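# The sequence and its predicted three-dimensional model are supplied below.
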Amino acid sequence: MSETASKGQDYESSLSGASQEVAAFEDNRKGLIHRLQHALHVTPALVPLIVLVVALLIFGLTLGSRFFSPGTLTLILQQVQIVGILAAAQTLIILTAGIDLSVGAIAVFCSVIMGQFSFRYGIPPAIAIPCGLAVGTAIGAASGWLVSRVKLPPFIVTLGMWQIVLAANYLYSQNETIRSQDIRAEAPLLGLMGVRFEMGGAIVTLGVVTMIVLVIVLAYALRSTAWGRHVYAVGDDAEAAELAGVDRHRTIMSVYMLAGFICAIAGWVMIGRFGSVSPSASTGVVGNIQSITAVVIGGISLFGGRGSIWGAFFGALIVGTFELGLRMAGANAQWTYLLIGALIIGAVAVDQWIRKVTA
C-alpha cells in the first residue's frame, strides 16, 4: 500500500509540474503582440475604428474647421448611407463564408419596382414600397436556395443573379426614368428617405437615420441572439455547426432573404438620395464594389465566421472620409483609389496575420 501511495504521489507531483510548465509556456506568449492579436480577434471592429479616427484627425488638422464642421461630418454620412446599408447586407453574406455580387443590382431593381408600381399601375406608394421590399426578399430567397440546397458556390450564384436582375431591371422599366418633380408632386412617400431635419446644428436625412438604426439592430441580433450565433457558426465551419444541431439550410436562407430585404431598403433610400427613379443608377455596379470594399476594410473575414457589423459601418465611413477629405484638399481623385486599395490589401493581411497567430 505504501508503495502504491508513493507512486500516486509521484504521479500527482508530475502532473502538477507539467501543469506549471504549461502555465509558464502560456504566460510567455502573453506578450504585447499576442495581446494585440487577441484584442483584434475579440474586437474585429477595432482596426477600422482606429483607421477612421486617424483619418479624421489627419484631415481635421490639415483642413481645420472646414472639415470638423457639423455640416461636413453629416455630409460624409449622407454620402455613405446607401453603401452603408448595402455593406450591412454584404456583411451577413460574408459572415456565412459567401459573397454577394448582386446587392447593388437588387437595390436598383427594387427602387424601379417601387417607382413603376406607383406611376405605371397607379398603386399607392404605401403598397408599392412593401412590394419592392418583397421583391428584394424573394430574390435573396432564390439565391439562398441555390446556395444551400443546390450547393452552388455563392460567387457563381450571385454573379448570375446580378446579370439576371440587371437585365430584368432594364426590360421591366423600359429604360424609363421617373423625375424628381413627379415624385414630389404625386408620390412623396417614395422620397421619404430624403427628408432632412436639423439635429445639433447638422442636417440629417431619414436615410442616414435608417442606416444607423439598421446597423444597431443587426449588431444586437448577431451578438445577442441564437440566430446570430448560428450565422457565425455556419460561416466558421458549416459541417461542425450541423453536427452541433444548427439548421444550415434555414440559417443560410434567412441570411440571404434578410440581405435581399436590406438591399430593397437601400433601393428606397436611393430614391430619397437621388430624388428620382432610374434603372441606370450607378449604384447598381458601384454598390457591389463599394459594399465589398467597406466590408473588407471593416475587418470582416472573407473566410467567414468572424467580423462585426460595426466594422462594415466604420469601413463605409472610412471610404466616405477619404473621398470627401481629399476632394476638400484639392487632391487628385486617383489618390482616393490608391489609399483605399492599400487599405483593402492591409485589411486582408491583418486578417491573415490574426488567423496565423491564433492557429
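On my side now, so go ahead.

# Kindly export stretch 273-282 (C-alpha atoms) in PDB.
Presented in PDB, the C-alpha positions along stretch 273-282 are these (Å, rounded to 0.1, in the frame of the first residue of the first chain):
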ATOM      1  CA  ARG A 273     -31.000  60.300 -52.000                       C
ATOM      2  CA  PHE A 274     -31.100  60.900 -55.800                       C
ATOM      3  CA  GLY A 275     -34.700  62.300 -55.900                       C
ATOM      4  CA  SER A 276     -35.600  60.100 -58.900                       C
ATOM      5  CA  VAL A 277     -36.000  56.500 -60.000                       C
ATOM      6  CA  SER A 278     -33.500  55.500 -62.700                       C
ATOM      7  CA  PRO A 279     -32.800  52.000 -63.900                       C
ATOM      8  CA  SER A 280     -29.300  53.100 -64.800                       C
ATOM      9  CA  ALA A 281     -28.300  54.300 -61.400                       C
ATOM     10  CA  SER A 282     -24.600  53.900 -61.000                       C
END
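
# What residues of it count as buried?
273-274, 276-279, 281 (16 or more other C-beta atoms under 10 Å). For glycine as for every other residue, the C-beta is placed from the backbone atoms N, C-alpha and C.

# next one: it to chain centre, how far?
The offset between the C-alpha centroid of stretch 273-282 and the centroid of the whole chain comes to 22 Å, using C-alpha atoms, centre = their mean, to the nearest Å.

# now what about it, what contacts it?
Stretch 273-282 is contacted from outside by 78, 81-82, 108, 111-112, 114-116, 169-170, 173, 175-180, 183, 190-191, 193-194, 205, 207, 270-271, using C-beta atoms under 8 Å, 6 or more residues apart in numbering.

# Mind checking which of the residues you listed are buried?
When burial is judged by neighbour count using 16+ other C-beta under 10 Å, the buried members of those are 78, 81-82, 108, 111-112, 114-116, 169, 173, 178, 183, 190-191, 193-194, 205, 207, 270-271.

# In helices only, show me the residues you listed.
Among those, the members found in helices (DSSP state H) are 78, 81-82, 108, 111-112, 114-116, 169, 173, 183, 207, 270-271.

# which residues touch Gly194?
Gly194 touches 205-207, 271-273, 275, counting by C-beta under 8 Å, 6+ apart.

# Least confident secondary structure element in the chain?
Averaged element by element with mean pLDDT, DSSP states H and E, the chain has its least confident helix or strand at helix 2-29 (a mean of 46).

# Surely Phe197 touches Val208?
No - the criterion here is C-beta atoms under 8 Å, and Phe197 misses it with Val208 at 10.3 Å.

# okay, these two: which has more neighbours?
More neighbours surround Val208 than the other of Phe197 and Val208, with 24 against 10 (other C-beta atoms under 10 Å).

# Can you name the residues that contact Val80?
211, 316-317, 319-320 are the contacts of Val80 under C-beta under 8 Å, 6+ apart.

# ok, and the most crowded of the residues you listed?
Within those, neighbour counts (other C-beta under 10 Å) peak at Ala316, which reaches 33 neighbours.

# Wasn't that one part of a strand?
No - counting by DSSP: H, G, I helix; E, B strand; the rest coil, Ala316 is located in no strand; its state is helix.

# any idea how far it is from Thr158?
If you measure Ala316 against Thr158 using C-beta to C-beta, to the nearest Å, the figure is 20 Å.

# just Ile50 next, same as before
31 Å.

# Compare the two and say which one has the larger neighbour count.
A side-by-side neighbour count of Ile50 and Thr158, using other C-beta under 10 Å, places Thr158 first with 27 against 11.

# my guess is the more buried one meets Ala105, correct?
No - shown here, Thr158 and Ala105 do not form a contact pair, counting by C-beta under 8 Å, at 9.5 Å.

# Do I have it right that Ile354 meets Gln37?
Yes - the pair Ile354 and Gln37 passes the contact test of C-beta under 8 Å, sitting 5.9 Å apart.

# picking that back up, of the buried residues of stretch 273-282, which is the nearest to Ala294?
Ranking these by separation from Ala294, with C-beta to C-beta as the measure, puts Arg273 on top at 16.6 Å.

# What helix or strand is that closest one located in?
Arg273 is part of helix 248-274 when elements are defined by DSSP states H and E.

# mean confidence score for that helix?
Across helix 248-274, the average pLDDT comes to 96.

# Check which element follows it along the chain.
Scanning onward from helix 248-274 (DSSP H and E), the first element met is helix 283-297.

# Appreciated, that's everything.
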